[in-house]
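A.B. asks: next input, structure requested:
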Amino acid sequence: MSVTLILVIITVLTSLYAWQKQDILRKWIFNPYSVNKYKQYYRFVTSGFIHNDFIHLLFNMLVLWMFGEQVEYVFTALYGTTGTVLFVALYILGIIVSDIPTYLKHKDHAYYNALGASGGVSSVLFSFILFDPAQKLYLYGILGLPGIVWAALYVLYSAYMGKREGDNINHDAHLYGGLFGIAFTILIYPKVIMHFIEQLKGLSLF
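C.D. replies: Just a heads-up that it's a prediction; the model follows:
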């Protein structure tokens, strides 16, 4: 069983559990005010393993499963067992780092909450795009565009939704998680930059 699948299973189970136990949901959700005032730093991690609703959970876990296993395979092929550790670090740190700007923005706002694995999922997605930006990704099996184009649309959508807020989903985490995924991947494998450029030479929009 891949580490990606294990992360998916854990996240599904913890989300289902939190939906049944509202006290757990309130304790695990990312509340910057509680982190700041009561030093509840664990929320940076636990909030990434609970979701707003079934659609939110399904979307994040499908993206993680689809692209996570491929990134995990590449990391393992490059670094063996260490690659597995690096993949988990990419995902978990993606969740944490992507919440830092939100923490700084809302640390004095007692009623602001956010949850979801979006930061970690975005880190994995953008890492995948560095390795294969030209690969066609299909929306509902119909509209096929290169991964790098979907990434650009994803960033624009996240920036727009981040300004709206109001749904407990940290859309800003999509953007910051993606940026972290790029930085992390380049840090551990600098050669990916030239690989990315070479892949772009064969880019076709349709």
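A.B. asks: hang on, isn't residue 101 packed against residue 172?
C.D. replies: Yes: Residue 101 lies in contact with residue 172 (CB atoms under 8 Å); the separation is 6.1 Å. Bear in mind the C-beta positions are built from the backbone N, C-alpha and C, glycine included.
A.B. asks: send the alpha carbons of the helix or strand of the chain with the lowest mean pLDDT over as CSV?
C.D. replies: Least confident element among the helices and strands of the chain, by mean pLDDT, DSSP states H and E: strand 136-139 (a mean of 69). Provided in CSV are the C-alpha atoms of strand 136-139 (Å, rounded to 0.1, in the frame of the first residue of the first chain):
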residue,chain,number,x,y,z
LYS,A,136,-2.8,16.4,-20.3
LEU,A,137,-5.2,16.4,-17.4
TYR,A,138,-8.9,15.9,-18.3
LEU,A,139,-11.9,17.6,-16.6
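A.B. asks: now the element after it, going C-ward?
C.D. replies: Tracing the chain past strand 136-139, the next element assigned as helix or strand by DSSP states H and E is strand 143-146.
A.B. asks: report the buried residues of that next one.
C.D. replies: 145-146 (16 or more other CB atoms under 10 Å).
A.B. asks: quick one: low-confidence ranges for the protein?
C.D. replies: The chain contains residues with pLDDT under 70 at 139-142, 158-159, 161-169, 202-206.
A.B. asks: contact partners of stretch 93-110?
C.D. replies: 30-33, 35-36, 44-45, 47-48, 112, 114, 117-124, 170, 172-177, 180-181, 184 (CB atoms under 8 Å, 6 or more residues apart in numbering).
A.B. asks: which of the residues you listed are buried? Put it as a ChimeraX command.
C.D. replies: Burial among the contacts of stretch 93-110 is assessed by 16+ other CB under 10 Å; the matching ChimeraX selection reads:
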select :30,31,32,33,35,36,44,45,47,48,112,114,117,118,119,120,121,122,123,124,170,172,173,174,175,176,177,180,181,184
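A.B. asks: inside helices: which ones of the contacts of stretch 93-110?
C.D. replies: Among the contacts of stretch 93-110, the subset assigned to helices under DSSP state H consists of 32-33, 35-36, 44-45, 118-124, 172-177, 180-181, 184.
A.B. asks: helices of this protein, start to end?
C.D. replies: Under the criterion DSSP H, the chain contains helices at 3-20, 22-28, 32-38, 43-46, 54-79, 81-106, 118-131, 147-164, 172-188, 192-200.
A.B. asks: next one: the fifth one to chain centre, how far?
C.D. replies: Taking the mean of its C-alpha atoms, helix 54-79 sits 9 Å from the chain's own mean (CA atoms, centre = their mean, to the nearest Å).
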